[in-house]
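Undergrad: got a structure for you, letters missing:
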């Protein structure tokens, strides 16, 4: 018997000791546009910088989007719990079929990096995915040069399972595919 999926209102916001996962909002525009326009923040990301107008439209779309629809990316806000200020976002794409799994990606504003906030947020997002979706694993793909991202994936319990040679933004690169399998207690 398949476990019923809880309504989104019961899932978000999700609090950890220092961060809150919530929907992105149009009111996040200044913070979102600032870190998403930072060339160093975006160096290894699959997204490209947006104009303010594009960012506003994206935030409006995500503020009402279905939570983690099949085969489409959904972005969650990472906010400081104390202030509610946006400090990053987490992208999630659930792939269905024989190998049902979710891919996760994350972006943190420079001032939020190297403080463990990303680890807290991504760990909470992964737990939420295992609670809400019938997936066998969560994967994260990172450029081998992005050591901070690789370390975060390792801290949340992911293991490297594949090395891929590819081209990213016109340059050859090595991507590392890491995964975390569904814990036995999370089946249902």
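TA: Thanks, I have the structure now. Fair warning: this is a prediction, and the values are worked out from it, not measured in the lab. Residues are numbered from 1 along each chain as shown.

Undergrad: from here on, contacts and neighbour counts on C-alpha atoms
TA: OK.

Undergrad: pLDDT weak spots in the chain?
TA: In the predicted model of the chain, residues 1-10, 185-188 satisfy pLDDT under 70.

Undergrad: Please, where are all the helices along it?
TA: With helices called from DSSP state H, the chain shows them at 29-36, 52-64, 117-132, 147-155.

Undergrad: Flag every buried residue along the longest one.
TA: In this case it means helix 117-132. 117-126, 129-132 (16 or more other C-alpha atoms under 10 Å).

Undergrad: just stretch 28-44 next, same as before
TA: In stretch 28-44, the ones that count as buried by 16+ other C-alpha under 10 Å are 28-29, 32-33, 35-37, 42, 44.

Undergrad: got it, and stretch 146-157?
TA: 149-150, 152-154.

Undergrad: ok, now stretch 49-61?
TA: By 16+ other C-alpha under 10 Å, the buried positions in stretch 49-61 come out as 49, 55-56, 58-61.

Undergrad: from what I can see residue 72 touches residue 93, true?
TA: Yes: counting by C-alpha atoms under 8 Å, residue 93 is a contact partner of residue 72 at 5.4 Å.

Undergrad: Between the two, which is the more surrounded one?
TA: residue 93 (20 against 12; other C-alpha atoms under 10 Å).

Undergrad: do you know which of the helices of the chain lies nearest residue 18?
TA: helix 117-132 (7.0 Å; C-alpha to C-alpha).

Undergrad: So which elements touch that closest one?
TA: Contacts defined by 3 or more C-alpha pairs under 8 Å, 6 or more residues apart in numbering; DSSP states H and E place helix 117-132 against strand 19-23, strand 101-108, helix 147-155.

Undergrad: could you redo the last one with a cut-off of 10 Å?
TA: Here helix 117-132 touches strand 14-15, strand 19-23, strand 73-80, strand 86-95, strand 101-108, strand 137-143, helix 147-155, going by 3 or more C-alpha pairs under 10 Å, 6 or more residues apart in numbering; DSSP states H and E.

Undergrad: That helix: how far from the chain's middle?
TA: 9 Å (C-alpha atoms, centre = their mean, to the nearest Å).

Undergrad: Over to stretch 45-53?
TA: 16 Å.

Undergrad: how long is it end to end?
TA: 20 Å (C-alpha to C-alpha, to the nearest Å).

Undergrad: still on that earlier bit, can you tell me which of the buried residues of stretch 28-44 lies closest to residue 111?
TA: Nearest to residue 111, judged by C-alpha to C-alpha, of those is residue 35 at 9.5 Å.

Undergrad: burial count for the residue lying closest to the closest one once chain neighbours are set aside?
TA: Leaving aside its sequence neighbours, residue 35 sits nearest to residue 109 (C-alpha to C-alpha, 6 or more residues apart in numbering; 5.1 Å). Burial measure for residue 109: 19 neighbouring residues, criterion other C-alpha under 10 Å.
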